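Asks: would you be able to build a 3D model of this:
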Amino acid sequence: MDDNLHSLSRRLIELRIEHADLNSLIDKASTDGSTDELALRRMKKRRLLLRDQIARLEAQLDPPEPA
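Replies: Coordinates of the predicted model:
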């Protein structure tokens, strides 16, 4: 069980780092203006997928308390 939590925690950290890196790239590409619109949309889609994965892992690590 402890190994599973450790790997989930590690994966969560990796996803957060990737999300932050992608967010920086998107910000830079948006202000740059020379970035391909299709590439920008793909980066934004990937960022949304990462956010969803992060939310799922957070729910697994800290499940909601019963009412």
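
Asks: from Thr35, how far off is Leu8?
Replies: Distance, Leu8 to Thr35, by CB to CB, to the nearest Å: 34 Å. Every residue, glycine included, has its C-beta placed from N, CA and C.

Asks: quick one, what contacts Leu57?
Replies: Leu8, Arg11, Leu12, Leu15 (CB atoms under 8 Å, 6 or more residues apart in numbering).

Asks: once you drop chain neighbours, what's closest to the third one?
Replies: Excluding the flanking residues, the one nearest Leu12 by CB to CB, 6 or more residues apart in numbering is Leu57, at 4.6 Å.

Asks: phi, psi of the one you found?
Replies: Main-chain dihedrals, Leu57, degrees, to the nearest 10: phi -70, psi -40.

Asks: which element is Arg56 on?
Replies: According to DSSP states H and E, Arg56 maps onto helix 37-61.

Asks: flag every buried residue along stretch 47-57.
Replies: Arg47, Leu50, Ile54, Leu57 (16 or more other CB atoms under 10 Å).

Asks: check pLDDT for the contacts of Leu57 and point me to the minimum.
Replies: Lowest in pLDDT among these is Leu8, which has 88.

Asks: tell me the SS of it?
Replies: Of the three states, Leu8 takes helix under DSSP: H, G, I helix; E, B strand; the rest coil.
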